[in-house]
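Colleague: here's a sequence, model it:
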Amino acid sequence: MKYHRTIKAALAAIAMATPLKATELKFANFTPPFHTINASVIEKLNSDVSNATNGELTVKGFHGGELGAGPVEQYVRAVQGAAEITWGLPGYTSSQFKKTMIVELPGVLSDGESGADALCRAMDEIKAEFPGTVPVALWTSEPNIMIMKEKVIRAPSDLKGLKIRVAGATAGKVAEALGATPVQMPINQVYNSLQTGLIDGVFTGSSTLDDFKLDEVASSFTIGAPLGRLSFFAVMNESAYNGLSAEHKAAFDAASGCGLANNAESAWNARGESGVKRARGIEKNTFVDLTPQQIEQFAAAVSDVTQSYVNEVNGAAALEAMMNN
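Modeller: Got it, this is the predicted structure:
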């Protein structure tokens, strides 16, 4: 009997000393590992949750579409559980994220203002647009610029009839207001489309100069027009989140949300600045830094876009929350 008690005590000691089963969360990334998302969100999230849980909870990135090709399907992959966490652009499925995308419109955010904070303030108004998932981080890019294959843009009239790639419905309305023809396509198709002349240019953040090497196939860049920004999401499968232990859930909550979103946004801004600085030093490139008078011409052309869109999607409350400083 004593022997059996000793065995039970030893087994109990071993059980107490054995760590809980480690949980690895798969993070699907449709871009290469050098993209800004990796260090600013995936690796940051992994480091924070791993440190908080003594390595019991980790986040592993699967890059280059390893868990499924195509950036448009990223949200669905989270819902279906192909990965516990995914990231993407609301603009790729604009009809789902009508109110979330208000943050992208001209005039909603001032220069230097955090889009991540604006989206956090509006969470009660937009959370219904994220069914089956838990938002991990929502943020915006640096302000959009014009990246053109050849055409130099100094006034709205220079855009008339040009085919301009946009990420989603809000940017499409901006392009239309400026006289251009919007063409929606994922960012990973833009390089080839510029190279072959399928599109004349793109409205997007300058971080794409480094993240997607767009200045290799473009030669004209116009900065300063009020074109709004892009927005991004990282979401987690709701069942996977609910399946975390209380300790792991607390660690994940602390590592995600507005803090992680602002970390991502700061990284996007820094990447954009470095891309512009590098591209300015290339002889073939023409940079147009709009004057205040030129900026006003663009502002006048897009002046009705934001309120018209907000009315269309019944988004007054979301807009108010985003702009409530």
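
Colleague: nearest residue to the middle of this protein?
Modeller: residue 232 (2.4 Å; Cα atoms, centre = their mean).

Colleague: ok, it to residue 155 distance?
Modeller: 30 Å (Cβ to Cβ, to the nearest Å). The C-beta positions use only the backbone N, C-alpha and C, and glycine is treated the same way.

Colleague: same question for residue 55.
Modeller: Relative to residue 155, and taking Cβ to Cβ, residue 55 is found at 57 Å.

Colleague: look at these two and report which has more neighbours.
Modeller: residue 155 (15 against 11; other Cβ atoms under 10 Å).

Colleague: lowest-pLDDT helix or strand in this protein?
Modeller: Ranked by mean pLDDT, DSSP states H and E, the helix or strand of the chain with the weakest confidence is helix 2-17, at a mean of 38.

Colleague: spatially nearest residue to residue 262, not counting backbone neighbours?
Modeller: Spatially, and ignoring its direct neighbours in sequence, residue 262 is nearest to residue 116 (4.6 Å; Cβ to Cβ, 6 or more residues apart in numbering).

Colleague: could you list every helix and strand in contact with the lengthiest helix in the chain?
Modeller: In the chain, assigned by DSSP state H, the helix with the most residues is helix 258-280. Helix 258-280 is packed against helix 36-37, helix 44-52, helix 115-121, strand 133-140, helix 208-211, strand 220-223, strand 231-237, strand 286-289, with contacts defined by 3 or more Cβ pairs under 8 Å, 6 or more residues apart in numbering; DSSP states H and E.

Colleague: what residues does that helix touch?
Modeller: Residues outside helix 258-280 that contact it (Cβ atoms under 8 Å, 6 or more residues apart in numbering) are 36-37, 39-41, 44-45, 114-117, 119-120, 136-142, 145, 205-211, 215, 221, 223, 232, 234, 285, 287.

Colleague: tell me what the residue nearest to the centre of the chain is bridged to.
Modeller: residue 139 (DSSP bridges).

Colleague: OK, contacts around it?
Modeller: 87, 88, 89, 90, 138, 139, 140, 141, 264.

Colleague: low-confidence bits of this structure, can you list those?
Modeller: 1-21, 325 (pLDDT under 70).

Colleague: mind redoing it with 90?
Modeller: Counting by pLDDT under 90, the ranges of the chain that qualify are 1-22, 69-70, 324-325.

Colleague: can you get me a residue count around residue 275?
Modeller: Residue 275: 24 neighbours (other Cβ under 10 Å).

Colleague: skip the chain neighbours and tell me the closest residue to it.
Modeller: In space, residue 275 is closest to residue 209, 3.3 Å off (Cβ to Cβ, 6+ apart).

Colleague: show me what contacts the one you found?
Modeller: 147, 215, 272, 275, 276, 278, 279.

Colleague: by contact count, what packs against the host helix or strand of the first one?
Modeller: Okay, so that is residue 147. With secondary structure defined by DSSP states H and E, residue 147 is part of strand 144-148. Packed against strand 144-148, as judged by 3+ Cβ pairs under 8 Å, 6+ apart, are the following elements: strand 201-205, strand 220-223.

Colleague: show me what the last one is in contact with.
Modeller: The reference is to strand 220-223. Against strand 220-223 from outside (Cβ under 8 Å, 6+ apart): 145-154, 201, 206, 215, 276, 279, 285-290.

Colleague: what about the residue lying closest to residue 304 once chain neighbours are set aside, how many residues close to it?
Modeller: In space, and not counting its chain neighbours, residue 304 is closest to residue 177: 7.4 Å by Cβ to Cβ, 6+ apart. Number of residues near residue 177 (other Cβ under 10 Å) recorded here: 19.

Colleague: helix, strand or coil for residue 82?
Modeller: Judged by DSSP: H, G, I helix; E, B strand; the rest coil, the three-state class of residue 82 is coil.
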